[in-house]
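*Asks:* What follows is a predicted protein model with its sequence.
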Amino acid sequence: MMPSPIPEDMRAAKRRLEQDIATPGLSLLLAAYYDPAGGFAGATFDTLGANPRNEITRDDLLAVAVLDVRWRPAAVRRLLGADSRKATDLLVGISSLTDLWLASAQRVAAIGPLWALLTSPRDALVDRPVGGYLETLRASCQ
């Protein structure tokens, strides 16, 4: 079976992350991000509610919301209802043991269908953030 091509937006995201990792003062930005007194998600994203493997739950939707991702009402209904099984099946195809930085094209391509479910322009489940955390962190540390 041939692996699916990696979507260009995923490639662009990886390039952007690689550039961001080289950001001067990144340690200060990360400290601000993880400061519980600050205005960023930090560890709250990882520790909010229950987090069962290979299942999208209400707690997951809330955790993603602290990252400034706006869930559309229809998305919440679909992910917890009509598309719940499909999303779960797609999650199962993405191993938690995979280091996405070192993953083969085939492994990364396994994310494509779930990404497509969440972001297809015709019926996107999430509004993509306009800015980004790095820009906001930079501004808060100046």
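*Replies:* Yep, it's here.

*Asks:* contacting residues for the nearest residue to residue 111 once chain neighbours are set aside?
*Replies:* Excluding its sequence neighbours, the residue lying closest to residue 111 (CB to CB, 6 or more residues apart in numbering) is residue 94, at 5.7 Å. For glycine as for every other residue, the C-beta is placed from the backbone atoms N, C-alpha and C. The contact partners of residue 94, by CB atoms under 8 Å, 6 or more residues apart in numbering, come to 110, 111, 114.

*Asks:* Confirm the last one sits in a strand?
*Replies:* It stands for residue 114. No: checked against DSSP: H, G, I helix; E, B strand; the rest coil, residue 114 lies outside a strand; its state is helix.

*Asks:* Next one: it relative to residue 90, how far apart?
*Replies:* 4 Å (CB to CB, to the nearest Å).

*Asks:* swap in residue 47?
*Replies:* 24 Å.

*Asks:* Out of these two, name the residue with the larger neighbour count.
*Replies:* Per other CB atoms under 10 Å, whichever of residue 47 and residue 90 has more neighbours is residue 90, with 21 against 9.

*Asks:* Can you say which helix or strand has residue 20 in it?
*Replies:* Per DSSP states H and E: residue 20 is located in helix 8-21.

*Asks:* How is the residue nearest the centre of the chain assigned, secondary-structure-wise?
*Replies:* Closest to where the C-alpha atoms of the chain average out (CA atoms, centre = their mean) is residue 64, at 7.5 Å. With three-state DSSP as the basis, residue 64 sits in helix.

*Asks:* unless I'm mixing things up, it is touching residue 76, no?
*Replies:* No: taking CB atoms under 8 Å as the definition, residue 64 is not a contact partner of residue 76, at 10.8 Å.

*Asks:* any shared contact partners between the two?
*Replies:* In contact with both residue 64 and residue 76: no residue, using CB under 8 Å, 6+ apart.

*Asks:* and residue 97, how far is that from residue 111?
*Replies:* 14 Å.

*Asks:* Mind checking which of these two has more residues around it?
*Replies:* Between residue 97 and residue 111, counting by other CB under 10 Å, residue 111 is the more crowded of the two (20 against 4).
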